[in-house]
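In: how would this look folded up:
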Amino acid sequence: MQLLSAKSIAFVLGMLAGSAICASAQDSATTNLQSQQNASATRKPITLISSGVKYPAADVASGNWNRAILLSNSKIVSGDIEKLSSGIRDAATAFSLTILATVSPPQQPGGQYVLRNVGVGYSVPIRGVPTIVTESTANELGGGLGFISRKILGSSVTELAQVNTIVQTTTLLVFDAPSVMLRNGKHLKLVTRHMIWIDPVTGEGATIVWLLGNNAQGQLTPVNEPLRLFAHGTKESKRIHVDGNEFSLLGFPNEKAFALEDLPPGKKVPWTRELAAIAALPKYSLQQIPELSQKMNDAIAAAQ
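Out: Residues are numbered from 1 along each chain as shown. From the prediction side, this is the model:
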């Protein structure tokens with residue numbers, strides 16, 4: 001399914017006005033779904049990027065992990081900062097969440113770009129380039145992390161096993177990541193759902209994220225705040241709030257000690273009733289992908 005036309009992606013990337021989103025969405029959905037023999041609607045762990053992979057330059061056109069999606073470092077700005085030891089404070093901001101994709105260019109004239117894969121990992125600057133590392137490889141690759149930083153990195157990488165791909169086609173991928181968000185002064189466990197897509201004609205793309213919580217029946221439901229749309233290659237310094245009650249007697253943080261204040265920077269997209277009805281499903285059939293994409297198209301168009 002082609003999520004956005006080249007014109008509307010230009011809006012995303014340049015914040016320009018655009019009026020046409022999937023001019024013939026129904027025809028496009030049918031055609032593309034029929035052609036996507038490798039589409040998968042199976043929930044599975046997201047790919048973990050191997051150690052040593054470098055954050056790609058903007059002009060890299062081919063190869064594995066050639067598309068930067070998001071580079072997210074941390075900055076502790078609020079809460080019980082005084083309860084942090086210098087070692088924990090430095091360790092919590094020593095590495096960056098990194099989301100990369102593999103996008104294949106057309107293999108022949110008239111061919112299309114293909115979104116092959118999306119992966120996650122943590123990176124540190126090595127000789128000026130963000131490079132994926134793990135607890136065991138950080139220092140041998142030149143990351144220069146201390147003992148506490150390596151231990152927290154190890155725990156963070158382990159937690160990536162909870163990140164699951166929900167659906168994947170040749171032009172889009174949706175995945176869920178557990179998140180701790182600061183809301184009304186409390187650290188809440190939520191799910192951040194990510195939809196990453198490319199235009200098969202131009203190869204350009206964008207990402208939209210939204211928060212999901214659990215209702216009284218334990219079912220996922222959209223959190224009542226706008227979705228966030230941002231361009232590929234976005235870099236952010238995420239603002240972190242500290243809850244001093246979520247530390248052990250030895251001063252080590254648990255999984256709720258740090259919370260994000262906000263989603264990545266980008267265009268706020270208000271919910272529509274139609275999008276909310278389908279945006280929180282635990283999984284999607286291949287027949288539901290066009291509906292999700294169309295409702296997302298409509299919401300983005302309304303936000304312009």
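In: Secondary structure class of the residue lying closest to Glu261 once chain neighbours are set aside, three-state.
Out: Spatial nearest neighbour of Glu261, excluding adjacent residues (CB to CB, 6 or more residues apart in numbering): Arg239 at 4.2 Å. No exception for glycine: its C-beta is placed from N, CA and C like everyone else's. Secondary structure state of Arg239, per DSSP: H, G, I helix; E, B strand; the rest coil, is strand.
In: Give me the below-cutoff pLDDT ranges for the stretch 1-150 of the chain.
Out: The stretch 1-150 of the chain contains residues with pLDDT under 70 at 1-39.
In: and the gap between the residue nearest to Glu261 and Leu97?
Out: Separation of Arg239 from Leu97 (CB to CB, to the nearest Å) stands at 14 Å.
In: Show me which of these two is the more surrounded one.
Out: Taking other CB atoms under 10 Å, Arg239 and Leu97 do not tie; Leu97 has more neighbours (18 against 15).
In: for the helix or strand harbouring that one, the distance to its chain's centre please.
Out: Secondary structure assignment for Leu97, by DSSP states H and E: strand 96-104. Per CA atoms, centre = their mean, to the nearest Å, the displacement of strand 96-104 from the mean C-alpha position of its chain is 9 Å.
In: buried sites along the helix or strand following that strand?
Out: Sequence order places strand 114-126 as the next helix or strand after strand 96-104, per DSSP H and E. Neighbour-count burial for strand 114-126 flags 114-124, 126 (criterion: 16 or more other CB atoms under 10 Å).
In: need these in a markdown table with distance to Phe175, can you?
Out: Below are these laid out as a markdown table (distance: CB to CB, whole Å):
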| residue | distance to Phe175 |
| --- | --- |
| Val114 | 18 |
| Leu115 | 12 |
| Arg116 | 15 |
| Asn117 | 11 |
| Val118 | 7 |
| Gly119 | 10 |
| Val120 | 8 |
| Gly121 | 14 |
| Tyr122 | 16 |
| Ser123 | 18 |
| Val124 | 23 |
| Ile126 | 26 |
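In: which strand residues sit across from the residue nearest to Glu261 in the sheet?
Out: Note on Arg239: beta-bridge partners Lys75, judged by DSSP bridges.
In: isn't it right up against Leu260?
Out: Yes. In this structure, Arg239 is within contact of Leu260 by CB atoms under 8 Å, at 7.2 Å.
In: Strand partners (parallel or antiparallel) of the strand holding Leu97?
Out: By DSSP bridges, strand 96-104 pairs with strand 67-79 (antiparallel), strand 114-126 (antiparallel).
In: Can you tell me the SS state at the residue in the chain sticking out farthest from the centre?
Out: No residue in the chain sits farther from the centre than Leu249, which is 33.4 Å out by CA atoms, centre = their mean. Counting by three-state DSSP, the backbone at Leu249 sits in coil.
In: Any chance of the backbone angles for it?
Out: With angles defined as degrees, to the nearest 10, Leu249 sits at phi -60, psi -20.
In: sorry, back to before: what's the closest of the buried residues of strand 114-126 to Ala301?
Out: Nearest to Ala301 among the buried residues of strand 114-126: Leu115, at 22.0 Å, using CB to CB.
In: And that closest one, how far from Asp199?
Out: 10 Å.
In: residues shared between the contacts of those two?
Out: 171, 205 (CB atoms under 8 Å, 6 or more residues apart in numbering).
In: from the buried residues of strand 114-126, which is closest to Ala161?
Out: Nearest to Ala161 out of the buried residues of strand 114-126 is Val120 (CB to CB; 10.5 Å).
In: Would you agree the closest one is in contact with Gln162?
Out: No. In this structure, Val120 is not within contact of Gln162 by CB under 8 Å, at 10.9 Å.
In: what sits in contact with each of these two?
Out: Ala177.
In: for the residue nearest to Lys83 when sequence neighbours are not counted, what are its contacts?
Out: Distances taken as CB to CB, 6+ apart place Gly244 nearest to Lys83, at 3.9 Å, with adjacent residues excluded. Counting by CB under 8 Å, 6+ apart, Gly244 touches 79-80, 83.
In: out of those, which is most surrounded?
Out: Neighbour max across the contacts of Gly244 (other CB under 10 Å) = Gly79, 21 neighbours.
In: In CSV, list the C-alpha atoms belonging to the strand holding Leu97.
Out: C-alpha atoms of strand 96-104 as CSV (Å, rounded to 0.1, in the frame of the first residue of the first chain):
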residue,chain,number,x,y,z
SER,A,96,21.2,7.1,21.6
LEU,A,97,18.3,5.1,20.5
THR,A,98,18.8,4.6,16.8
ILE,A,99,16.2,3.5,14.2
LEU,A,100,17.4,2.7,10.7
ALA,A,101,15.9,1.1,7.6
THR,A,102,17.1,-0.7,4.5
VAL,A,103,15.6,0.8,1.4
SER,A,104,16.4,-0.8,-2.0
